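Predicted structure and sequence below. I'll ask about it afterward.
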4 protein chains.
Amino acid sequence: MPQQINVGLIGYKFMGKAHSQAFRDVPFYFPDVKLSPVMKAICGRDEKGVREAQGQFGWQEYELDYRKLIERQDIGLIDIATGNNVHAEMAVAAAQAGKHIYCEKPLAMNVEEARRMVDAVKKAGVINMVNFNYRAVPAIKFARQLIDEGVIGRVFHWRGFYLQDWIIDPGFPLVWRLEGDKAGSGSHGDLAAHLIDLAHYLVGDIDEVSGLQETFVKQRPKLAATTGGLTAAASAEMGEVTVDDASLFLAKFKNGAVGTFEATRFAAGHRNGNMFEINGEKGSIRFNVERMNEIEFYDHTDPGDRQGFRVIAATEGAHPWMGAWWPPAHIIGWAQTFTHQVYELLNGIAGNTCPHPNFEDGLKCQMVLEAVTRSARTREWVKLDSI
Amino acid sequence: MPQQINVGLIGYKFMGKAHSQAFRDVPFYFPDVKLSPVMKAICGRDEKGVREAQGQFGWQEYELDYRKLIERQDIGLIDIATGNNVHAEMAVAAAQAGKHIYCEKPLAMNVEEARRMVDAVKKAGVINMVNFNYRAVPAIKFARQLIDEGVIGRVFHWRGFYLQDWIIDPGFPLVWRLEGDKAGSGSHGDLAAHLIDLAHYLVGDIDEVSGLQETFVKQRPKLAATTGGLTAAASAEMGEVTVDDASLFLAKFKNGAVGTFEATRFAAGHRNGNMFEINGEKGSIRFNVERMNEIEFYDHTDPGDRQGFRVIAATEGAHPWMGAWWPPAHIIGWAQTFTHQVYELLNGIAGNTCPHPNFEDGLKCQMVLEAVTRSARTREWVKLDSI
Amino acid sequence: MPQQINVGLIGYKFMGKAHSQAFRDVPFYFPDVKLSPVMKAICGRDEKGVREAQGQFGWQEYELDYRKLIERQDIGLIDIATGNNVHAEMAVAAAQAGKHIYCEKPLAMNVEEARRMVDAVKKAGVINMVNFNYRAVPAIKFARQLIDEGVIGRVFHWRGFYLQDWIIDPGFPLVWRLEGDKAGSGSHGDLAAHLIDLAHYLVGDIDEVSGLQETFVKQRPKLAATTGGLTAAASAEMGEVTVDDASLFLAKFKNGAVGTFEATRFAAGHRNGNMFEINGEKGSIRFNVERMNEIEFYDHTDPGDRQGFRVIAATEGAHPWMGAWWPPAHIIGWAQTFTHQVYELLNGIAGNTCPHPNFEDGLKCQMVLEAVTRSARTREWVKLDSI
Amino acid sequence: MPQQINVGLIGYKFMGKAHSQAFRDVPFYFPDVKLSPVMKAICGRDEKGVREAQGQFGWQEYELDYRKLIERQDIGLIDIATGNNVHAEMAVAAAQAGKHIYCEKPLAMNVEEARRMVDAVKKAGVINMVNFNYRAVPAIKFARQLIDEGVIGRVFHWRGFYLQDWIIDPGFPLVWRLEGDKAGSGSHGDLAAHLIDLAHYLVGDIDEVSGLQETFVKQRPKLAATTGGLTAAASAEMGEVTVDDASLFLAKFKNGAVGTFEATRFAAGHRNGNMFEINGEKGSIRFNVERMNEIEFYDHTDPGDRQGFRVIAATEGAHPWMGAWWPPAHIIGWAQTFTHQVYELLNGIAGNTCPHPNFEDGLKCQMVLEAVTRSARTREWVKLDSI
């Protein structure tokens, strides 16, 4: 029997649900996990909502004040699945209380916050992870393995897009994700952040960027008073959209590769199209999260008359994490990536080694986000060194 | 709070695990379920194995004798996730004990057994379901809705293939699925059964069939004594393969459509390729379980210069069951189809109405299986009326 | 400078145009051809039509009577691009006159005619070719090369479909292709014939078949008197459809492989979908003529974690015939397959060796067509030996 | 009978061949063309080569000096299919001699040259066309029609890539396309030029750009003395690569759309991948020239549960130019786009109206090319107004 750790989760909506199922599922699918999670308490400010979530998601208790949760002696791991604008205060408090931390992405609202968070976890010596969950897609970790083995050789190009289409309608109301003070940014921190983390993971560090940000619909109806839960009704009053609808940038990597990045919520036909392609001297790799069980691989060393992108189903026992699930070709879903993240985190805590992506990875991502935003404003290339 | 029902599961390997997660997940994702399952007892003959499964999968108790499980007063629902050759005796006993039943597919070893099972559940008046889980793929239920609405009109063609490739190597040993007395048949009952059930669901009843069955590798190494768990080691001794490697047939449906069916374990490149296409007078639909979150739809009534198969991500809240999971384009995996089945079953028990696919659907499938086998043997067309 | 041969073409509509461009294009793209074609005379019964075609397509003269064309001393090669019901009389006459022959597919209306044609060309010792033009798709010839090299090993499965959708509308009139006395059969001779020839080319000889043929729309409006050229207007009077709308069959090949064949004009969404897949012990190959510059290849000997169907653009200089056209990835069209056929034919005449597919290949195809039709009628498996 | 025009072609290699077949094919496929081309003379400096081309491609005569060709009274149309560095002098001379002009792309080496060319044709009042042949892909012209009809509404995003992989090997020698003084630029003028022209055609005018250019392999073996024809052998001596290997840029369009452009010869797996996607408020369109007979269209106004990208085969009679070729789904090849261009050019000359893309379109493209190059050098956004 592995040792146990009590978990306290802050947040109980979309992300709270996704994190909850991961803690539930780890012992079911990964009985070899080195530390077993106990779903001790879930925390939120609305008592009715958090109580319902506690029952449905299987938490033993609930709390209404995150500070109280963090102070509890029995809690060993704090999971922050809240809006971006409170990550920093919560994480710093949790670190100061000596808790290990699992934090939703993007890590923070800005570099300054992220730096404080990194400082806090370093000082406290706690294990920390930021939930860039796409690193936990088996196909993507497999891509990383191919790259590490040198299968595609020196990398020339990164081409990454995160395309969504949920706010094309100008009548869609001004939800919190479209307000700068709550979300920090729009598609930039929400979507481009994922691309940046994947580029860091698969290609390497970025040297400089030139960016462009655009808000296509500059005013939207404010939320109606009747809005609640997952509803988002429009009122008659209009308000300013204070985040970007689309964020595009060019990048030079330190290893000489060049990159194209694009994040948008205005690409009709793409619900959640997180896709990239990497071109190297010996081959190419491409991926789209809408078909996340597949990875495409082109081997430039195949005989000339039989080269072609091959569609690999990354569902074999030999692919990362897949042995824990089902026989080959029985696909897993999006939520299962959270299970992989939590599995790695728990093993990290058990072994006292900080897994990736951790707060330092989150800070590195935040620095690129900030460099792009500065570049879009100054209309100049911005070096990462200057951030 | 919904009422509860105690569940007893027989079988604890691949299918036992898949069924277990479904019972666990229903209350998490479908809090509106009308009857809440209690994972009371799991049953198997090997105490070590079943005890481990009990712990890992979250069952309260375990049993070693299925008859004892069935006799328990506290159990309301028996779940049969065992090999095909014991479905009939278990299901008949469960029905006689007044238990509701959830049974793996194919329903039975032959039509005679299936008929006895149908008689038993009818006589006992218990709710019953056979686990043709592909009916619980949202994309497939959505296809059925389109067909019901008349969107593709009169159907002309069904073209269904279930292609796998796991026994191409002649050195792969003689596992139970390749022994006629344990499996009943090979690709026929394992794979063609799924195609037949889907054709029944989406096109209608079959009138007559002409079949061909082939065993490409007629002898294989027997299993080594050291084989256990999921390993399947080969010994030096050879044994006869007594099931089909591939099963193909043509069919005429009662509504005038014609069909092509093919099931094989010798189609290199297809791990679990359950795919079909339906052509109607107003449109076509196609599907492949390896991309089970998508359905392709061709609308023949679109303007002539802009007709084409469109790839629909069946991940919207408007698609069957998907509102319970995640936002659009966040895909679900293969295992989640079991959750849908169990959800429908529990609601059926609560409402005292037998859901589909039930034992009668299982019998209808078994009749087609038998007609094809007879046709392959007699080399003549076989009418379903004659079975 | 290569020697020359004078060509006489019978037929000036769709196929006459396709053959004309091939004779024109061979010297342009294949200056190495061993015999240079002179477009001497085109022949048809309607003087206005044939005169126009002569001018547009670049023939030196025209004839109104095919017998006169065949008798001309200056003509060395007769090209038969007419309806199926006159192939036999024309080809036999041409052979008796000592002319080499290029004949559209299917070779004849039935096996008896095809046998007479083979006898005639053999007796006369003339070079002959039947225009199964898909053998001249570079991707398909490349597939044959892979198979010949043993790249996919022993073949288990052929799965071939030729799907069209041009007569789904029951108001579409009774054109000659729907009249048995003019067309011989419907989708069977028009589409299944291509599949059979490709199966012969890529897999081998067929041993026996079990078939099913269906006419979904049994009556259609007769052609209006005003119909002419490519128009096909409907009159108010109805007539019987005397050919099959769809033809399906199962086959056993002499080498132990099994096959599924399906030809239909009722598959909405498929304009000209000639597609097949071949599964062997070491790999699989698949193809669709709507993407005829591509071939998909699955290598079962790749490492287990990186197997997948790869899409090969068969447009490299190393692929058959492609060196004559453009640089890699500059695709060719459907018509260019005719150029390849004519190139092979002219080289065959120059070298006095009969290329493939020739009249014997055409006869072999005709025998399978007849076996399937007989099987569909008798509802029994039919051995090719019995034809 | 249409009137005739005598054509003189300069250049007899890859592009000379492609232009030749277009002039040959127009009367065959488009008998309605309003002016019939006579292939009067082909011109090149190497007598042996040009004489061979004259015979193979079907030109009546040959010339060795382009000035002489231009001076000939019988020539009405000059076709410039030479290297980029002589377009300007040839076109200006041809215009001064009163000839209509068909010129390969990119129009010139720089904006200054392009401006002189535009001035010359304007002053002379001759019809002119620049051969951005992708505008003559039926699928692309159809995309333009959809956009003109408002089918996708206001455009938000252009995402265009032209990916090739032919110089990844650092041992590939220093051919003329890699020398700045002969080619002007690398992937930029060769590939990005096509993207820019398509963006102009489909989205509209560009306002400003921020670019990045990279040369991954900075030195290559010089060409061997033995190099000739299409061979490109490497010598032992190294030389500087003086053009870009890759060119990337961001753009703002005047209508508010934003764009990503990328051209490279280092994208393994892409032989000739000219692809784009356009996202608008009512739908999206995407295209890849490797499947140039298809266009993908997403209709955001479809019912929510049945939206998806549909693959339209742009091979119907209703699609631009396709009625001239073959029945639906009989695809055309890359070379046929030249036939469409020449058809439009000849009709333009007959009707005395300048077709698109003409020299002014070529100049507009050249201005964007120059703006990007300047931006890559100055590391600033460059306004098109400043060029």
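Structure received. Residues are numbered from 1 along each chain as shown, chains lettered A, B, ... in the order given.

Show me the strands in the stretch 251-387 of chain A, by range?
A:258-264, A:273-280, A:283-288, A:294-299, A:309-313, A:382-383 (DSSP state E, counting those that start in this stretch).

Around chain B, pick out the residues from chain A.
Applying CB under 8 Å from any CB of the partner chain, one finds that chain A approaches chain B through A:14, A:18, A:20-21, A:24, A:27-28, A:31, A:56-58, A:166, A:270-273, A:290-293, A:313, A:315, A:325-336. Just so you know, the C-beta spots here come from the backbone N, C-alpha and C atoms, and that holds for glycine as well.

Please tell me how far the closest residue to residue A:200 other than its chain neighbours sits from chain B.
Closest residue in space to residue A:200, ignoring its immediate chain neighbours: residue A:364 at 6.1 Å, by CB to CB, 6 or more residues apart in numbering or on different chains. Residue A:364 sits 26 Å away from chain B, taking CB to the nearest CB, to the nearest Å as the criterion.

How about the stretch 151-300 of chain A: which residue is closest to chain C?
Residue nearest to chain C within the stretch 151-300 of chain A: residue A:297 (6.1 Å; CB to the nearest CB).

list the contacts for that residue?
Neighbouring residues of residue A:297 by CB atoms under 8 Å, 6 or more residues apart in numbering or on different chains: A:146, A:283, A:284, A:285, A:309, A:310, A:312, C:306, C:308.

hmm, try it at 6 Å
A:285, A:310, A:312 (CB atoms under 6 Å, 6 or more residues apart in numbering or on different chains).

okay, now the last one: neighbour count?
Spelled out, it's residue A:312. By other CB atoms under 10 Å in any protein chain shown, 25 other residues sit near residue A:312.

Check the one 3 residues further on too.
Other residues near residue A:315 number 25, with proximity taken as other CB under 10 Å.

Likewise for the one 3 residues further on?
Here the count is done by other CB under 10 Å, and residue A:318 has 14 residues near it.

Equivalent analysis for residue A:93, please.
Residue A:93: 18 neighbours (other CB under 10 Å).

so it, which of the three states?
What DSSP: H, G, I helix; E, B strand; the rest coil gives for residue A:93 is helix.

what secondary structure does the residue nearest to it when sequence neighbours are not counted sit in?
Distance criterion CB to CB, 6+ apart; nearest residue to residue A:93, sequence neighbours excluded, is residue A:70 at 5.3 Å. Following three-state DSSP, we place residue A:70 in the helix state.

Counting neighbours, what do you get for the nearest residue to residue A:238 once chain neighbours are set aside?
Distances taken as CB to CB, 6+ apart place residue A:219 nearest to residue A:238, at 4.8 Å, with adjacent residues excluded. The local packing of residue A:219 (other CB under 10 Å) involves 12 other residues.

quick check, nearest of the contacts of residue A:297 to chain B?
residue A:310 (9.8 Å).

Wondering if stretch A:140-155 reaches chain C at all.
No. Figure legend: stretch A:140-155 not in contact with chain C (CB under 6 Å from any CB of the partner chain); closest approach 6.9 Å.

Ends of that stretch, what's the gap?
Terminal residues of stretch A:140-155 lie 16 Å apart, using CA to CA, to the nearest Å.

State the mean pLDDT of that stretch.
The pLDDT scores in stretch A:140-155 average 98.

Name the residues of that stretch that are buried.
Neighbour-count burial for stretch A:140-155 flags A:140, A:141, A:142, A:143, A:146, A:147, A:151, A:152, A:155 (criterion: 16 or more other CB atoms under 10 Å in any protein chain shown).

Tabulate the residues you listed (CSV), appending secondary structure.
Output for these, formatted as CSV (three-state DSSP):
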residue, secondary structure
A:140, helix
A:141, helix
A:142, helix
A:143, helix
A:146, helix
A:147, helix
A:151, coil
A:152, coil
A:155, strand
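
returning to what we had before: so in terms of bridging, what pairs with the residue of the stretch 151-300 of chain A closest to chain C?
Here residue A:297 sits in beta bridges with residue A:285, residue A:310, going by DSSP bridges.

ok, now how distant is it from residue A:149?
12 Å (CB to CB, to the nearest Å).

now residue A:125
Using CB to CB, residue A:125 is found at 34 Å from residue A:149.

ditto for residue A:274
For residue A:274, the distance to residue A:149 (CB to CB) stands at 24 Å.

give the contact list for the residue nearest to residue A:93.
Applying CB under 6 Å, 6+ apart to residue A:70 gives the contacts A:93, A:94, A:97.

now do 10 Å
Contacts for residue A:70 (CB atoms under 10 Å, 6 or more residues apart in numbering or on different chains) come out as A:8, A:10, A:43, A:63, A:78, A:90-91, A:93-99, A:101.
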